[in-house]
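K.L.:
3D, please:
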Amino acid sequence: MLSRQNPVLNVNLTSGSIKREAIDERVANHFLSGRGLGDWFLFRTVNPGETDPLSPENTLFFFSGLLSGTHFPGAVRNSLVSLNVLTGGYGESSSAGSFASALRKSGCEGILVSGRSPDPVYLWIDEGRAELRSGAHLCGKTTFKKRAAIREELDAPSASTCTIGQAGENLVRYALVNCDDRYSGRCGMGAVMGSKNLLAVAVRGSGSIRVHDPDVFDSISSDVRSLLASDPSLMNKARYGLGRDTEAYNDMGLLFIKNFQEVDFDRVAGIGYNAVKKYYERLVPCPTDCPVRCNRLARIPEGEPYGGTAVSSLEATPAYEMAHLCVDDIRTVLKAFELCNGYGIDIHSWSTCMSWAIECFERGIITRKDTDGLSLHWGDGPMLLESIRRIAKREGAFAGLLAEGVARASKKLGRGSEQYAMQMKGMEIDDELRVDKGMTFGILTESRGTGHTLGAFFGSFDKSMSPEKAKKLFGTEHAAFPHSYDGKADLVVLTERYGAIQDCLGICWFASHRAAPLLIDRYNMQTYALLVSAVTGLKLNEEDLIRIAERIITLEKTVNILAGQTREDEFPPDRFFQPIPNGRSGGMALDRDELDKLFRRHSELHGWDPTTGIPLPETLRSLDLPEAEEALEKAGCL
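P.N.:
Numbering: from 1, shown residues only. Alright, predicted model coming up:
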């Protein structure tokens, strides 16, 4: 099997030891690679609910997908798995780019990092040979400058890197990891690296990736490439990048502003496609030559405000986040994204933290005495840019407060500010939850705490999705009705299973039916089963992959249960049960009873207790997870 050709590197930062270890056959068969392997090793090495995510006892895992390093279109994802710094439960953050491929081509399937180095270090893996090197000269540098300094020191200009910025060094709880200018943003993985005094991982690998049946693999790859290239929605992304998505969200009534007090941004054109396209400098190619070609480099010319700013991996993220704060200048958007990525701050969590702070300021809950002199107002670009710098460096008491994340910040501040903290389980909410129920329910049930990448159903986004087409593609006509609760638990479970397998294989979200729902008719779980068989030689079918996905999802649920999360934690703040006051989605609100029905159905489909969401003993046995059953029994959960 391909994943068994490469060992994992076991790096103990406390002792400085580095060992190469083979992956157990049972574990490899049960979890494939990528997110799945990361989940297993996390579960086996920490005690959720007892292990502090920022302690030496926490562990961090870098795992490439099973297809990473091959030419399969979109097989570029790398999963970072650890305890979530914000929730204390399960944490995972995926990024694209060349790191996953370089790691596998260097002869390593993944990296297991434990302990804490007494001094700042970085890990250098050169064609499989690994060493820890002093990182003292890297301290205080941005993610970009760390990468440049490492490449120069090693005389390795093409080395692939994962670096943290000042936010990670200063343990900002939503610090990100820059993976060759693609970003592992959620869950505070940059803070985990910082807590371990690990400033970067650099890899050079040029080996070949062998597959069991090259002819079959090449045939499937060619067919999928043709499918991607023939899909109109994906080719729009290839033509325009993702700069149009923020305006699309606004058109669908999903673009919230002012900390979810309103929906619809009437100045969105100022940060939309026509605003950003004039700053597009060039296409940034995918390592697998993916036909979606979604990435662009944008640069602001010298002489304009924030001239010299250059950023890639835009997606819709920076404009979407800055719209929440009522910023309507695209140059401010690009500069904010550059600062967040350089300092190493997750722009999603930062935006939510600042939205909370501005609302509290406007309500008189906090004043300039609390904010170290900052006046907080919607749309104030210079103030927002300054906040990024201060938070990354924990400069001042207010920046230090915001660096803790909105849940901890609001609890520490008190004064009634907690009701304006838009968070679940300690993690910032970054999506409007009152409109598209399939998307919403996937966000509420996401194992990371909140987010839209693991289980949110986006099929209703396709305007051509008729009830008949939905029935054919997804097994239910309810996929065509975004505002209805009907059938959404089933659709989320379907999406969760696909997400788990895609993350094991390392396949990008934008190169699958997740971004182009109509593709599921011809590019689906059967395709993935054929791919795994062609790569590994294992004879797997759709049902086998679904069982692997269920094992992964249930293990993540187990970690969260052990961390103390309950069914009540899955309900969002009260604001989402209040009607949207304006715009295209005006009048929409969540219904608690309807959500409760969905939670019960979701648990039943996974084989969990419908009331508590705790995995049932018979489910754990059927999934061959005796270790999880033992842990839950010991904790008194079964």
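
K.L.:
Against which helices or strands is the helix or strand hosting Glu386 packed?
P.N.:
Using DSSP states H and E, Glu386 sits within helix 381-393. In terms of contacts (3 or more Cβ pairs under 8 Å, 6 or more residues apart in numbering; DSSP states H and E), helix 381-393 is packed against helix 166-169, helix 330-343, helix 347-362, helix 397-402. (Glycine included, C-beta is placed from N, CA and C.)

K.L.:
and of those, who's closest to Glu127?
P.N.:
Closest approach to Glu127 among the helices and strands packed on helix 381-393 (Cβ to Cβ): helix 166-169, 27.1 Å.

K.L.:
Quick one: name whatever helix or strand follows the closest one.
P.N.:
strand 177-179.

K.L.:
just to revisit the earlier point, is it possible to get CSV of the helices and strands packed on helix 381-393 that adds mean neighbour count?
P.N.:
Formatted as CSV, the helices and strands packed on helix 381-393 follow (neighbours: other Cβ atoms under 10 Å):
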stretch, mean neighbour count
helix 166-169, 28
helix 330-343, 25
helix 347-362, 25
helix 397-402, 20
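
K.L.:
which parts of the longest helix seen in the chain are buried?
P.N.:
In the chain, ranked by residue count with DSSP state H as the criterion, the top helix is helix 542-562. Going by neighbour count (16 or more other Cβ atoms under 10 Å), the buried part of helix 542-562 is 542, 544-562.

K.L.:
so where do the strands sit in the stretch 1-150 of the chain?
P.N.:
8-12, 17-21, 60-64, 78-83, 90-95, 110-114, 121-126, 129-134 (DSSP state E, counting those that start in this stretch).

K.L.:
among those, which is nearest Asn236?
P.N.:
Of all those, it is strand 90-95 that lies closest to Asn236, at 23.5 Å by Cβ to Cβ.

K.L.:
Could you tell me which strands sit next to the closest one in the sheet, and their orientation?
P.N.:
Using DSSP bridges, strand 90-95 pairs in its sheet with strand 78-83 (antiparallel).

K.L.:
before we move on, the earlier item: now for the helices and strands packed on helix 381-393, which one comes closest to Glu570?
P.N.:
Comparing these by Cβ to Cβ, helix 347-362 comes nearest, at 18.2 Å.

K.L.:
Send me that closest one as PDB with only the CA atoms.
P.N.:
Output of helix 347-362 as PDB, limited to C-alpha atoms (Å, rounded to 0.1, in the frame of the first residue of the first chain):
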ATOM      1  CA  ILE A 347      -8.600  36.500   9.300                       C
ATOM      2  CA  HIS A 348     -11.800  34.600  10.100                       C
ATOM      3  CA  SER A 349     -11.400  34.700  13.800                       C
ATOM      4  CA  TRP A 350      -9.900  38.200  13.800                       C
ATOM      5  CA  SER A 351     -12.900  39.600  11.900                       C
ATOM      6  CA  THR A 352     -15.300  38.100  14.400                       C
ATOM      7  CA  CYS A 353     -13.300  39.400  17.400                       C
ATOM      8  CA  MET A 354     -13.200  42.900  15.900                       C
ATOM      9  CA  SER A 355     -16.900  42.800  15.200                       C
ATOM     10  CA  TRP A 356     -17.600  42.000  18.800                       C
ATOM     11  CA  ALA A 357     -15.300  44.700  20.000                       C
ATOM     12  CA  ILE A 358     -16.800  47.400  17.700                       C
ATOM     13  CA  GLU A 359     -20.400  46.500  18.700                       C
ATOM     14  CA  CYS A 360     -19.300  46.600  22.400                       C
ATOM     15  CA  PHE A 361     -17.700  50.000  21.700                       C
ATOM     16  CA  GLU A 362     -20.800  51.400  20.000                       C
END
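
K.L.:
Who are the packing partners of it?
P.N.:
When contacts are defined as 3+ Cβ pairs under 8 Å, 6+ apart, helix 347-362 sits against helix 317-324, helix 330-343, helix 381-393, helix 397-402, helix 406-413, strand 427-428.

K.L.:
Surely Ile257 touches Ala323?
P.N.:
Yes - under the criterion of Cβ atoms under 8 Å, Ile257 makes contact with Ala323 at 6.5 Å.

K.L.:
More neighbours: the two, which one.
P.N.:
Neighbours were counted for Ile257 and for Ala323 using other Cβ atoms under 10 Å; Ala323 has more, 27 against 24.

K.L.:
ok, now how distant is that one from Thr246?
P.N.:
To Thr246, Ala323 is 6 Å away according to Cβ to Cβ, to the nearest Å.

K.L.:
quick one: common contacting residues for these two?
P.N.:
Common neighbours of Ala323 and Thr246 (criterion: Cβ atoms under 8 Å, 6 or more residues apart in numbering): 255, 268, 271.

K.L.:
average pLDDT for the helix or strand just after the longest helix of the chain?
P.N.:
Next along the chain after helix 542-562, taking DSSP H and E as the criterion, comes helix 592-606. For helix 592-606, mean pLDDT is 98.

K.L.:
Contacts for helix 592-606 next, please.
P.N.:
Under Cβ under 8 Å, 6+ apart, the answer for helix 592-606 is 441, 444-445, 485, 488-490, 492-493, 550, 553-554, 557, 567, 570-571, 577, 609-611, 613, 615, 619.

K.L.:
Run the chain-centre distance for that helix.
P.N.:
Chain-centre distance of helix 592-606: 24 Å, with Cα atoms, centre = their mean, to the nearest Å.

K.L.:
Which positions within the helix or strand that comes right after that helix qualify as buried?
P.N.:
Moving toward the C-terminus from helix 592-606, the next helix or strand (DSSP H and E) is helix 617-622. The neighbour-count check on helix 617-622 (16+ other Cβ under 10 Å) flags 619-620 as buried.

K.L.:
export helix 617-622 as PDB, just CAs?
P.N.:
What follows is helix 617-622 as a C-alpha-only set of coordinates in PDB (Å, rounded to 0.1, in the frame of the first residue of the first chain):
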ATOM      1  CA  PRO A 617     -21.000   1.100  22.200                       C
ATOM      2  CA  GLU A 618     -22.400  -1.000  19.300                       C
ATOM      3  CA  THR A 619     -21.300   1.700  16.800                       C
ATOM      4  CA  LEU A 620     -17.800   1.800  18.200                       C
ATOM      5  CA  ARG A 621     -17.600  -1.900  18.000                       C
ATOM      6  CA  SER A 622     -18.900  -2.100  14.500                       C
END
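
K.L.:
Thanks a lot, catch you later.
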